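K.L.:
kindly return the folded structure for what I paste below:
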Amino acid sequence: MKKTKLSPGIFIDPVCLKEVESCRKAFEANPDNYLEAKPKKRKGWWGRYLERLNKATGGTPPKCCH
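P.N.:
Numbers count the residues shown, from 1 in each chain. Next up is the predicted model:
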């Protein structure tokens, strides 16, 4: 990893190697680009059944009898 001398208070993001300040400014300018959309709700009785099943089991499938 390449080390560079920076002024105090300037931090570099280890993932994108950019100044953290620039990432913050980009987010504040347009946060919708970085936020995930809510998943669509399932329609009908099957969708409601699957939602209740996922809620009851925590999203894990039931254990097999074998």
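K.L.:
pLDDT of the longest helix seen in the chain, averaged?
P.N.:
If you go by DSSP state H, the chain has its longest helix at helix 44-57. Mean per-residue pLDDT for helix 44-57: 86.
K.L.:
same deal with stretch 13-20?
P.N.:
If you average the pLDDT over stretch 13-20, you get 78.
K.L.:
next: stretch 30-41.
P.N.:
According to the model, stretch 30-41 has a mean pLDDT of 77.
K.L.:
which residues touch that stretch?
P.N.:
By C-beta atoms under 8 Å, 6 or more residues apart in numbering, the residues outside stretch 30-41 that reach it are 27, 47, 51. The way it works is simple: take the backbone N, C-alpha and C, and place the C-beta from them, glycine included.
K.L.:
sorry, back to before: so what's the gap between the longest helix of the chain and the chain middle?
P.N.:
The chain centroid and the centroid of helix 44-57 are separated by 23 Å, computed with C-alpha atoms, centre = their mean, to the nearest Å.
K.L.:
which elements pack onto it?
P.N.:
Using 3 or more C-beta pairs under 8 Å, 6 or more residues apart in numbering; DSSP states H and E as the contact definition, helix 44-57 packs against no other helix or strand.
K.L.:
send the alpha carbons of it over as CSV?
P.N.:
What follows is helix 44-57 as a C-alpha-only set of coordinates in CSV (Å, rounded to 0.1, in the frame of the first residue of the first chain):
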residue,chain,number,x,y,z
GLY,A,44,-52.2,-11.8,-3.7
TRP,A,45,-52.6,-14.6,-1.1
TRP,A,46,-49.4,-16.4,-2.1
GLY,A,47,-47.3,-13.2,-1.6
ARG,A,48,-48.9,-12.6,1.8
TYR,A,49,-48.2,-16.3,2.8
LEU,A,50,-44.6,-16.0,1.8
GLU,A,51,-44.2,-12.7,3.7
ARG,A,52,-45.6,-14.3,6.9
LEU,A,53,-43.5,-17.4,6.4
ASN,A,54,-40.3,-15.3,6.0
LYS,A,55,-41.3,-13.3,9.1
ALA,A,56,-41.9,-16.4,11.2
THR,A,57,-38.8,-18.2,10.2
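K.L.:
torsion angles phi and psi at the most centrally placed residue in the chain?
P.N.:
Centroid-nearest residue in the chain, with C-alpha atoms, centre = their mean: residue 36, separated by 6.9 Å. Residue 36 has phi and psi values of phi -80, psi 140 when expressed as degrees, to the nearest 10.
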